[in-house]
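Student: show me how the following folds:
(2 chains)
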Amino acid sequence: MAGKSATAPTTYSPSPSQRKQKPIFKDVDWVRPDGRGFHQCRPAFLRTGAVNAASGSAYAEFGNTKVIVSVFGPRESKKAMMYSDIGRLNCNVSYTTFSTSVRGQGSDHKEFSAMLHKALEGAILLESFPKTTVDVFALVLESGGSDLPVVISCASLALADAGIMMFDLVTSVSVSSLGSNLVIDPITEEESCQDGSLMITSMPSRNEVTQLTLTGEWSTPKIHEAMELCLEACSKLGKIMRSCLKEAASASQE
Amino acid sequence: MGPRDGGGIGDLAGEMEVDAFRLLFPLRFYERHLLESIRPDARPLGTARDTSVALGAVGSADGSALAKIGHTTMLAAIKMEVMIPSSESPDEGCVAIEFHMPPICSPLVRPGRPAVAAPVISKQLSDVILSSQMINLKELSLITGKAAWMVYLDIYCLDADGSLFDAALLSAVAAFSNLCIPAVSVNEDGRVIASSGENREGKTMKELLNKEKRKLTLSCIPFSLTCILHKKYILADPTAEEESIMETLVTVVLDSSTRLISLYKPGGPFLAYTSVVQDCIALTSRRVKELQKIISEAISDMEAD
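Tutor: Predicted coordinates:
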């Protein structure tokens, strides 16, 4: 039988992943690889109730980025946890081995797990489930760029599906700065050659920001412009998510 | 999430009482159903849940499939890489199968603590797929002794509701039927690279190995059915709830010409008589026909697109 002895480090992918990026992004007029306008988001597909075994779940598909989030609980905290008056939120983000073009390890993404926790924490009424834990687990089935914003938005939809009390839905959108242009909802190719990125996580109906990350080189007016773009897209995404929840609720009543 | 389908019982008053009875006395709840030859989800004992297969679900993979049996959902994807074949079998490729249970699939799986069932099912799947000779490993050879395909098959359980092995095997088989071996060629350094349309005329090319994308020929496709043995009853295709209450499981794997590939009964409180094992095999051979139909429909749907 073909054993496992011949596996792992000796194999390589035949498709060249390190293909040199063409500098088209720096030109004055260029078209995004998927033909979108600079300020146009990818078409979003959202659906709740993807995983029956979970208390609540959601599936989100933004272009090639495909994510499933399951919510479990509120349930008993780990034995080692100290007593707590308020509920705990536990987040985990992991990738499948086939999510990227070259086969990966499919391990946990610690940074995204922490970011997801920070993005959601402020929106959840932790007082409503004292002594217990709500687990939010995300699996990125396919990574096509803007993974973290999609995970965050999908997670808040799953929390709503699980009936966890929140101040508002949490929506997240990112913008990449490429030369003199700002492109919203970037795909992997755009992210790999960006000069800077800005991600906003907001609660659209309260007009509050729960998380803002800024990397790279930015000028102040550009930050303003990017924030405006993100917030506007966040509120649009909020409407889409709300209608998705309404649809699911009216379907279950029938 | 509370149990929702409580159909089929008339003698217990009120929906709430049924739910409470189900949670407090699960075994008695089930036995009352079994007396009537019915299950709480309105299935007869020997019937499997609705099954569906969708091919090509993952864009970044060379072959993929999504299989659903009831609520149990499996996503299988194949990535092809190149390796140097071992000296014992210089003209054969290799298949590595891994089964994952990410924490999203079940409340019992926590991050950092992998599920116990996952490596067991992983091993069972590779044993079944490799010993069934569904894949001819010689077809995975590129240059004898120098290069061959390493097939990485990863199966993710997205929703765990019983009969995980059956769903995983179905998704694996479907992913193989969807697999397209990429067209490759050898460059000057002796490395195998993908030959896409644009560099086909490139001068660095020495020889074209796979002129065109091609499919694997699959022979003797394995299909399986898991049954629960409980007293004199045999329950086909159990849900997670049934598996947790009645613990004796038998998994039968047959190939498309109904030859027995594997029979797996990992202990359990009930001992199986040979007649019961024969009944399980008969149920499985009926199920194989259903699954064959589902797979071939999925393939023809895919080709129609």
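Student: use CA for all of it now, contacts and neighbours both
Tutor: Will do.
Student: A:V93: neighbour count?
Tutor: 29 (other CA atoms under 10 Å in any protein chain shown).
Student: equivalent analysis for the one 3 residues further on, please.
Tutor: By the criterion of other CA under 10 Å, A:T96 has 23 neighbours.
Student: give me the pLDDT for it.
Tutor: On the pLDDT scale, A:T96 is placed at 93.
Student: quick check: chain neighbours aside, which residue is closest to it?
Tutor: With CA to CA, 6 or more residues apart in numbering or on different chains as the criterion, A:T96 has its nearest non-adjacent residue at 4.6 Å, and that residue is A:G106.
Student: what sits against the one you found?
Tutor: A:G106 makes contact with A:94-98, according to CA atoms under 8 Å, 6 or more residues apart in numbering or on different chains.
Student: again, only using 10 Å
Tutor: A:94-100, A:139-141, B:100, B:102 (CA atoms under 10 Å, 6 or more residues apart in numbering or on different chains).
Student: who is the nearest residue to B:G267 once chain neighbours are set aside paired with across the strands?
Tutor: Of all residues not flanking B:G267 in the chain, B:T248 sits nearest, at 6.8 Å (CA to CA, 6+ apart). For B:T248, the beta-bridge partners under DSSP bridges are B:L229.
Student: over to the one 5 residues further on?
Tutor: The residues paired with B:V253 through beta bridges, assigned by DSSP bridges, are B:S224, B:S262.
Student: just the pLDDT for it.
Tutor: 95.
Student: pull the number of nearby residues for it.
Tutor: Neighbour tally, B:V253, other CA under 10 Å: 25.
Student: that one contacts B:S131, doesn't it?
Tutor: No - assessed by CA atoms under 10 Å, B:V253 is found out of contact with B:S131, at 11.3 Å.
Student: now for the two: what residues contact both?
Tutor: When contacts are counted by CA under 10 Å, 6+ apart, B:V253 and B:S131 are jointly contacted by B:222, B:261-262.
Student: what would those look like in a markdown table with neighbour count, distance to B:A115 and pLDDT?
Tutor: Shown next, in a markdown table, are the shared contacts of B:V253 and B:S131 (neighbours: other CA atoms under 10 Å in any protein chain shown; distance: CA to CA, whole Å; pLDDT from 0 to 100):
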| residue | neighbour count | distance to B:A115 | pLDDT |
| --- | --- | --- | --- |
| B:P222 | 27 | 25 | 94 |
| B:I261 | 19 | 26 | 92 |
| B:S262 | 17 | 23 | 92 |
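Student: returning to what we had before: from the contacts of A:G106, which ones fall inside strands?
Tutor: The members of these that map onto strands under DSSP state E are A:94-95, A:139-141, B:100.
Student: farthest-separated two in those?
Tutor: In the ones in strands among the contacts of A:G106, two members sit farther apart than any others by CA to CA. They are A:V140 and B:H100, at 13.5 Å.
Student: what touches both of those two?
Tutor: Common contacts of A:V140 and B:H100, defined by CA under 10 Å, 6+ apart, comprise A:96-97, A:106.
Student: all strands of the stretch 151-254 of chain A, in order?
Tutor: Secondary structure of the stretch 151-254 of chain A (DSSP state E, counting those that start in this stretch): strands at A:171-178, A:181-184, A:196-203, A:208-216.
Student: contact partners of the last one?
Tutor: Which is strand A:208-216. With CA under 10 Å, 6+ apart as the criterion, strand A:208-216 contacts A:115-116, A:118-123, A:168, A:170-172, A:174-177, A:194-203, A:223, A:227, A:231.
Student: the same query, at a cut-off of 8 Å, please.
Tutor: Contacts for strand A:208-216 (CA under 8 Å, 6+ apart): A:118-120, A:122-123, A:195-203.
Student: pLDDT weak spots in the stretch 151-300 of chain B?
Tutor: B:190, B:195-213 (pLDDT under 70).
Student: so which of the strands of the stretch 151-254 of chain A is the most packed in?
Tutor: Each of these was scored by mean neighbour count; the highest is strand A:171-178, a mean of 28, by mean count of other CA atoms under 10 Å in any protein chain shown.
Student: so A:F137, which of the three states?
Tutor: strand (DSSP: H, G, I helix; E, B strand; the rest coil).
Student: identify the bridge partners of it.
Tutor: A:S70, A:N92.
Student: show the contacting residues for it.
Tutor: Contact analysis of A:F137 by CA under 8 Å, 6+ apart lists A:69-71, A:91-93, B:103-104.
Student: need the residues of the stretch 101-250 of chain A near chain B, please.
Tutor: Proximity of the stretch 101-250 of chain A to chain B, by CA under 8 Å from any CA of the partner chain, involves residues A:101, A:103, A:137-139, A:142.
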